[in-house]
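Engineer: Need coordinates for the below:
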Amino acid sequence: MAISIVDINCDMGEGFGQWRLADADDRQLLEFISSANIATGFHAGDPNLMDLTVRLAAERGVGIGAHPGYRDLQGFGRRRIASSSEEVVNDIVYQVGALREFARRYAARIQHVKPHGAMYMDIAASEPLSRSLVQAMRIIAPDAALLCMGSSQTYRIAKEAGQPVAREFYADRDYDRSGSIVFTRRAQKLDPQAVTDKVLRACLENKVSTVEGDDIDIEFESICFHSDTPGAEDLANRMRSDLISHGIRIAPLSEIQL
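Structural biologist: Presented below is the predicted three-dimensional model:
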């Protein structure tokens, strides 16, 4: 079934002190998205940057999400760290709590939670880890949506537990035939029109091509792209414009039935 309303999410606030990961300007990217995944200090982000990004998102009516990661500033959270489920979930609770207070400062709330990088992939593949995360979410943020892949353990377990959950479609990442994204540590510059055509096909036909050369079915409520993908602003602008021209409304997760 063709999609008539969709969220666009992007990772934000991914710097630390004077360091910034990407050339893209979060202020400009916020004009194109409906939900912001804001780094919460472990893989990127610091109190000043978290405060600024939350305020900018709140001023623009963009949904605010916590983007917790492994404690890995040097590796930008893209390296796997051997941890117990309890350790991973406690790190997430800590980071969500920090961002929640910045949101409260601007009369906003945490709309969603999306783990970052290697943590996202580890949780997606692990039933025990997904179950521990969902159990914690049922207590600390029962109304906040979890963002995850539709093929993940996280999605299945969240649905079973009654936790709001949204499936993502990755505009700037490749898929394999299992429906999982192909994890990469460094994104390459992409053709904005090719990315937009891929997104439109996913929205209108529920299909995506895989790295193996197959077409697979895909269902989702949110489209993700990354601020560190070279040319992210051009990509986001083209994608948003073409979605709207095809009659697809862009709205934060809070306005989408999950």
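
Engineer: drop to CA atoms for contacts and neighbour counts, all remaining ones
Structural biologist: OK.

Engineer: Pairing partners for the lowest-mean-pLDDT helix or strand in the chain, with directions?
Structural biologist: Here the helix or strand of the chain ranked lowest by mean pLDDT, DSSP states H and E is strand 19-20, holding a mean of 77. Under the criterion DSSP bridges, strand 19-20 sits next to strand 15-16 (antiparallel) in its sheet.

Engineer: now residue 143: how far from residue 163?
Structural biologist: 7 Å (Cα to Cα, to the nearest Å).

Engineer: more crowded one of those two?
Structural biologist: The neighbour count for residue 143 versus residue 163, taken as other Cα atoms under 10 Å, is higher for residue 163 (21 against 17).

Engineer: hmm, back to that, what's the first helix or strand after the least confident helix or strand of the chain?
Structural biologist: Note on strand 19-20: by DSSP states H and E, the next helix or strand toward the C-terminus is helix 26-29.

Engineer: hmm, back to that, any shared contact partners between residue 143 and residue 163?
Structural biologist: Counting by Cα atoms under 8 Å, 6 or more residues apart in numbering, no residue touches both residue 143 and residue 163.

Engineer: What segments of the chain are helices?
Structural biologist: Listed in chain order, the helices of the chain (DSSP state H) span residues 26-29, 47-59, 85-105, 117-125, 127-140, 153-161, 192-205, 232-245.

Engineer: Quick check: which of these is nearest to residue 17?
Structural biologist: Closest approach to residue 17 among these is made by helix 47-59 (7.9 Å; Cα to Cα).

Engineer: ok, residue 256 touching residue 3?
Structural biologist: No: look at residue 256 against residue 3 with Cα atoms under 8 Å: they stay out of range, at 11.4 Å.

Engineer: Quick check on the two: which one has the bigger neighbour count.
Structural biologist: A direct count of neighbours by other Cα under 10 Å for residue 256 and residue 3 places residue 3 higher, at 17 against 14.

Engineer: Count the residues that sit near the residue lying closest to that one once chain neighbours are set aside.
Structural biologist: Distances taken as Cα to Cα, 6 or more residues apart in numbering put residue 203 closest to residue 3, at 5.2 Å, once the chain neighbours are dropped. A count of neighbours around residue 203, defined by other Cα under 10 Å, yields 26.

Engineer: what about residue 203, distance to residue 221?
Structural biologist: Here residue 203 is placed at a distance of 10 Å from residue 221 (Cα to Cα).

Engineer: Repeat that for residue 99.
Structural biologist: Distance of residue 99 to residue 221, computed by Cα to Cα: 23 Å.

Engineer: Neighbour count: these two, which is higher?
Structural biologist: residue 99 (26 against 22).

Engineer: That one contacts residue 50, doesn't it?
Structural biologist: Yes: at 7.2 Å, residue 99 counts as touching residue 50 under the criterion of Cα under 8 Å.

Engineer: so where's the stretch 101-250 of the chain uncertain?
Structural biologist: Along the stretch 101-250 of the chain, the model assigns pLDDT under 70 to residues 184-187.

Engineer: Residue 201 contacts residue 208, correct?
Structural biologist: Yes: between residue 201 and residue 208 there is a contact at 7.2 Å, judged by Cα under 8 Å.

Engineer: got the contact list for residue 89?
Structural biologist: Residue 89 neighbours (Cα under 8 Å, 6+ apart): 132, 133, 136.

Engineer: now these as JSON lines including distance to residue 115 and neighbour count?
Structural biologist: JSON lines is the format used below for the contacts of residue 89 (distance: Cα to Cα, whole Å; neighbours: other Cα atoms under 10 Å):
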{"residue": "132", "distance to residue 115": "14", "neighbour count": "19"}
{"residue": "133", "distance to residue 115": "10", "neighbour count": "23"}
{"residue": "136", "distance to residue 115": "14", "neighbour count": "16"}
